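Asker: Fold the following for me, if possible:
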Amino acid sequence: MTAGGPPVGYLLAKRGVDDRAIDRATLERFVDGLPAEPRLLDVGGGVGTMLDRLQEWDLVPAGTRYTLLDADAALVATARERLADVPVETTFVADDLLAFADGTDRRYDACVAAAVLDLLDGDRALDALATLAPGGLLYAPVTFDGVTLFSPPRPDDERVLGWYHDHMTARDGSPAGGRRLLAALSRSDCDTLAVAPSDWHVHPPYHEGETRFLAAILDTVEEALTGFDPVENGVLSAWLTARRDTLAAGELAYVAHNLDVLVRLSAPLEH
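Answerer: Residues are numbered from 1 along each chain as shown. Now for the predicted structure:
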């Protein structure tokens, strides 16, 4: 979201949007497939909203040992404070997924990777996850899959959002992260157990936190595209001003297409 990682306020505001998006049948199948007293690794765990969700929805198996992993040390510190009273044995690790997989001998029964695998190279991430949880489950909810829509429509939507998706491609991630994950799975010995849509839908009247969530989405577009070739600054500036005015008027709607994916991991891939 920003040069220093997603802001805490955005992640907390996003909680409700994710709650409505997540496919409950896939989540419950994931929980039902866990062994007794599971060791869970939450990849890109941020400020701990996935553990919040599992606790509130009564989906944490007894005896769970939970590890929250995030590359942003500030978010990990916030998660440690937020989750201090959660009755789950929790370990907090500030590290990148690939570096963590290379540097630890810890093994897990399952991995959760919420809204994160579209930011990573699919094959490399899958290798790392299979190393950390060989034969275990991977639950990857809210994996972005290539469609961003704002309403009411504007003439420059296609140009601006095309630039935005191009910027994703210029990083390690992909605007079609869900499909790229499925393609990586098809090249592996992993067993894909479930795939379901988990689209973000935010529209007036807004629920609590959604105004902040939408403002952060627009800030993300601005940050990504400022100085990114071939963006035309005048077009971007006019688009952002119009979208922020619409948000201030309480009239902006937003949709992002995501996938929830549940996988039985195999041994690490060989390339």
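
Asker: residue boundaries of the helices in the stretch 151-271 of the chain?
Answerer: Per DSSP state H, counting those that start in this stretch, the stretch 151-271 of the chain carries helices over the ranges 157-170, 177-186, 210-225, 233-248.

Asker: could these be laid out in a markdown table, adding mean neighbour count and mean pLDDT?
Answerer: Where you see a C-beta, it was placed from the backbone N, CA and C, and this is true even at glycine. As requested, the helices of the stretch 151-271 of the chain are exported to a markdown table (neighbours: other C-beta atoms under 10 Å; pLDDT from 0 to 100):
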| stretch | mean neighbour count | mean pLDDT |
| --- | --- | --- |
| helix 157-170 | 16 | 90 |
| helix 177-186 | 20 | 86 |
| helix 210-225 | 19 | 95 |
| helix 233-248 | 15 | 98 |
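
Asker: how about these in CSV, adding distance to Ala73?
Answerer: Converted to CSV, these look like this (distance: least, C-beta to C-beta, whole Å):
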stretch, distance to Ala73
helix 157-170, 24
helix 177-186, 24
helix 210-225, 20
helix 233-248, 30
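
Asker: To Leu129, which of the ones you listed lies closest?
Answerer: helix 177-186 (10.5 Å; C-beta to C-beta).

Asker: any low-confidence regions in this structure?
Answerer: Applying pLDDT under 70 to the chain picks out residues 1-5, 170-175, 267-271.

Asker: Next, the buried residues of whichever strand or helix holds Leu129.
Answerer: Following DSSP states H and E, one finds Leu129 within helix 122-132. Using 16 or more other C-beta atoms under 10 Å as the test for burial, helix 122-132 gives Gly122, Asp123, Arg124, Ala125, Leu126, Asp127, Ala128, Leu129, Ala130, Thr131, Leu132.

Asker: Can you lay out those as a markdown table showing distance to Tyr139?
Answerer: What follows is the buried residues of helix 122-132, written out as a markdown table (distance: C-beta to C-beta, whole Å):
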| residue | distance to Tyr139 |
| --- | --- |
| Gly122 | 16 |
| Asp123 | 19 |
| Arg124 | 19 |
| Ala125 | 14 |
| Leu126 | 14 |
| Asp127 | 18 |
| Ala128 | 15 |
| Leu129 | 11 |
| Ala130 | 14 |
| Thr131 | 17 |
| Leu132 | 13 |
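
Asker: Could you single out the nearest of those residues to Ala99?
Answerer: Ala128 (9.1 Å).

Asker: thought the closest one was touching Asp95?
Answerer: No. Assessed by C-beta atoms under 8 Å, Ala128 is found out of contact with Asp95, at 11.3 Å.

Asker: circling back to that earlier point, which strands or helices does the helix holding Leu129 pack on?
Answerer: Packed against helix 122-132, as judged by 3 or more C-beta pairs under 8 Å, 6 or more residues apart in numbering; DSSP states H and E, are the following elements: helix 97-103, helix 177-186.

Asker: helices or strands up against the longest one?
Answerer: Spelled out, it's helix 177-186. helix 122-132, strand 137-151, strand 191-197, strand 253-264.
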